[in-house]
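> Compute the structure for the input listed below.
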Amino acid sequence: MPPSSDLGRALCIITGASRGFGRAVARDLSRLVQPGSVLVLAARSGDELRALQAELTDSEAGRAGLKVQVAVADVGRTEGLEAIIRSSAEAFSENIDRVILINNAASLGDVSRFTRSFTDMAEVDSYLSLNVSSSLCLTARVLQAFPGRGGLRHTVVNVTSLCALQPFRSWVLYCTGKAAREMMFRVLAEEEPELRVLNYSPGPLDTEMQQEARSRTADPDVKIAFSDMKTRGQLLTCEESCAKLMKVLLEDGFSSGAHIDVYDV
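Take a look at the predicted model:
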């Protein structure tokens, strides 16, 4: 089948939308959904979210008929998830035919230390709460809040990484979180075949997180590898990678639960 020209009249929920890849996703989705669609932008930074909201609702940008909601929320806390669902429910209408959830919010964790130094359970639990538990609980809440009915489709995207598949020395928290999240969404795809579930790996992006990786990684070989990518111009822009994600979503030919890397598109 030829790819669709748009993503329908959709409710799009994007976590980590205030900057980086999440911000690029919000911009691209705003151009690919039909009038009457809703974008729910979630992040901790209210000022950045509201600036993006203003940009996306500017009628001169050709996005008339798009409603943009801001949910200032820490997804690592229950009240943050409740705020996202509340904003989504307030904007939802019976004319919407698709729910798209982009689980993008994530943190790198402390990459300045090796595995044997992580003796504090509270520290590890805090990381996993933000990077694993929040994605599971938000996804479950979205599916419960907007259950399948005639014509309503669901697409769930997990922004993953090569680190879900391959170990990186001194990146134990990040690799563990990404691996757990990926398996979580593979299980969801098996349990609910009517959903469209995608694990999308955006590749090495030129973001603040990448800068943190280059400056703080404890393992010298990993640190040099990331620094060399920057020096050689091998990092991708968020916009380049996001365009590949939109292509995958429009073509809709992936196997539900699949891991698709930016370089495979």
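> remind me, longest helix of the chain?
helix 172-191 (DSSP state H).
> Could you check that one and say which residues are buried?
Buried residues in helix 172-191, counted by 16 or more other CB atoms under 10 Å: 172-182, 184-186, 188-189. For the C-beta atoms, the positions are set from N, CA and C on the backbone; glycine is no exception.
> ok, residue 5 to residue 251 distance?
Separation of residue 5 from residue 251 (CB to CB, to the nearest Å): 11 Å.
> where do the strands sit along the chain?
Chain-ordered strands for the chain, with DSSP state E as the definition, fall at 10-15, 38-43, 67-72, 98-103, 153-159, 196-201, 258-261.
> of all those, which lies closest to residue 142?
strand 98-103 (5.2 Å; CB to CB).
> How many neighbouring residues does the residue nearest to residue 72 when sequence neighbours are not counted have?
For residue 72, ignoring the flanking residues on the chain, the nearest one in space by CB to CB, 6 or more residues apart in numbering is residue 46 at 4.2 Å. Using other CB atoms under 10 Å, residue 46 has 13 neighbouring residues.
> just residue 131 next, same as before
Using other CB under 10 Å: residue 131 sits among 23 other residues.
> in terms of contact, does the residue nearest to residue 72 touch residue 71 like I think?
No. Using CB atoms under 8 Å, residue 46 makes no contact with residue 71, being 9.6 Å away.
> show me where pLDDT drops low in this protein?
The model of the chain has pLDDT under 70 over residues 1-2, 59-64.
> give the contact list for the most centrally placed residue in it.
In the chain, the residue lying closest to the centroid (CA atoms, centre = their mean) is residue 104, at 1.9 Å. Contact analysis of residue 104 by CB atoms under 8 Å, 6 or more residues apart in numbering lists 14, 15, 16, 17, 21, 22, 25, 157, 159.
> Distance-wise, check it relative to residue 75.
10 Å.
> got any residues that touch both of the two?
residue 15.
> one step back: please say which of residue 5 and residue 251 ends up with more neighbours.
residue 251 (13 against 7).
> residues in contact with that one?
So residue 251 contacts 3, 4 (CB under 8 Å, 6+ apart).
> do residue 24 as well
238, 239, 241, 242.
> thinking again about what came up before, how much space separates the residue nearest to residue 72 from residue 86?
For residue 46 relative to residue 86 (CB to CB), the value is 15 Å.
> Could you do residue 143 as well?
Counting by CB to CB, the gap from residue 143 to residue 86 is 16 Å.
> For residue 159, which non-adjacent residue is spatially closest?
residue 104 (4.5 Å).
> Give the phi and psi angles for the one you found, as a check.
Note on residue 104: its backbone torsions stand at phi -110, psi -30 [degrees, to the nearest 10].
> List only those of the contacts of residue 24 flagged as buried.
When the contacts of residue 24 are checked against 16+ other CB under 10 Å, the ones flagged as buried are 238, 241, 242.
> got a list of what the second one touches?
Residues touching residue 241, when contacts are defined by CB under 8 Å, 6+ apart, comprise 21, 24, 202, 203, 205, 262.
> Noted, bye for now.
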